[in-house]
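[1] How does the following fold in three dimensions:
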Amino acid sequence: MSSLQPPRFTRAELVRFNGATVDDLLDDQTQLLFVGINPGLWTAAVNAHFARGGNRFWPALHAAGIVPHVVDARAGMSAADRAMVLAAGIGITNLVPTASARADELTRQELLEGGVRLTELVSRLAPRVVAMLGITAYRVAFGQRDAALGHRMEGLAGSELWVLPNPSGLNAHETVASLGRWYRAAADAAQLRNLSATRHGLGPSAG
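    From the prediction side, this is the model:
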């Protein structure tokens with residue numbers, strides 16, 4: 001876990017990161033590639049995925065038994081946490097690489113271009129499973145207007161595809177536990193081992 005003290009940004013300071021990018025966290029051992037919609041301003045400011053306090057991604061990843069502890073990325077990711085995530089077979093990227101205050105600020109064209117970019121990345125990286133975190137963004141980016149959450153038979157560039165709930169705190173329909181069940185299902189499909197000896201009620205069923 002990060003021992004860094006989380007920074008305190010003013011609203012004006014965060015706004016300066018609008019349009020900034022965040023480095024992908026992945027390598028040639030990535031078997032489960034998580035795809036966020038686009039970085040938030042805090043995430044861009046500290047160059048670490050899902051860094052804003054209140055985002056449930058890291059707690060859900062731990063609840064699913066995918067990582068051995070909850071990553072605190074609010075001040076950026078430590079080298080040890082980055083190595084731990086990669087060693088678990090996890091990679092993280094974004095559908096749209098540029099940051100904004102809210103994902104709903106993205107244009108249809110940005111999402112479509114993001115779909116092309118993601119397809120090219122997956123073709124090169126060849127993970128077992130791609131997990132897109134956001135059903136609405138997926139529907140627009142890939143022209144799947146009636147797509148539902150869960151496993152997608154069409155796949156993506158030769159990889160198995162899952163469309164899963166977004167972990168943002170704005171997504172009130174989901175909890176850390178329900179997100180953990182979804183993420184565990186994708187991890188099982190990617191054949192990732194369960195790192196948690198205390199996981200309860202998080203079997204492969206995502207229903």
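[2] The chain: strands as residue ranges?
    Along the chain, the segments classed as strands by DSSP state E run 32-36, 90-94, 129-133, 150-156, 159-164.
[3] Kindly reformat those as JSON lines containing distance to Gly19, mean pLDDT and mean neighbour count.
    Just so you know, the C-beta spots here come from the backbone N, C-alpha and C atoms, and that holds for glycine as well. Formatted as JSON lines, these follow (distance: least, Cβ to Cβ, whole Å; pLDDT from 0 to 100; neighbours: other Cβ atoms under 10 Å):
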{"stretch": "strand 32-36", "distance to Gly19": "16", "mean pLDDT": "98", "mean neighbour count": "27"}
{"stretch": "strand 90-94", "distance to Gly19": "13", "mean pLDDT": "98", "mean neighbour count": "24"}
{"stretch": "strand 129-133", "distance to Gly19": "21", "mean pLDDT": "98", "mean neighbour count": "26"}
{"stretch": "strand 150-156", "distance to Gly19": "26", "mean pLDDT": "95", "mean neighbour count": "14"}
{"stretch": "strand 159-164", "distance to Gly19": "26", "mean pLDDT": "98", "mean neighbour count": "22"}
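[4] Let me have these in TSV, adding distance to Gly114 as columns.
    TSV is the format used below for these (distance: least, Cβ to Cβ, whole Å):
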stretch	distance to Gly114
strand 32-36	9
strand 90-94	8
strand 129-133	10
strand 150-156	13
strand 159-164	14
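[5] Out of those strands, flag the one nearest Arg117.
    strand 90-94 (9.0 Å; Cβ to Cβ).
[6] Which neighbouring elements make contact with the lowest-mean-pLDDT helix or strand in the chain?
    When each helix and strand of the chain is scored by mean pLDDT, DSSP states H and E, helix 11-15 comes last, with a mean of 88. Under the contact definition 3 or more Cβ pairs under 8 Å, 6 or more residues apart in numbering; DSSP states H and E, helix 11-15 sits against helix 41-46.
[7] mind checking how far Ala63 is from Asp104?
    Distance of Ala63 to Asp104, computed by Cβ to Cβ, to the nearest Å: 27 Å.
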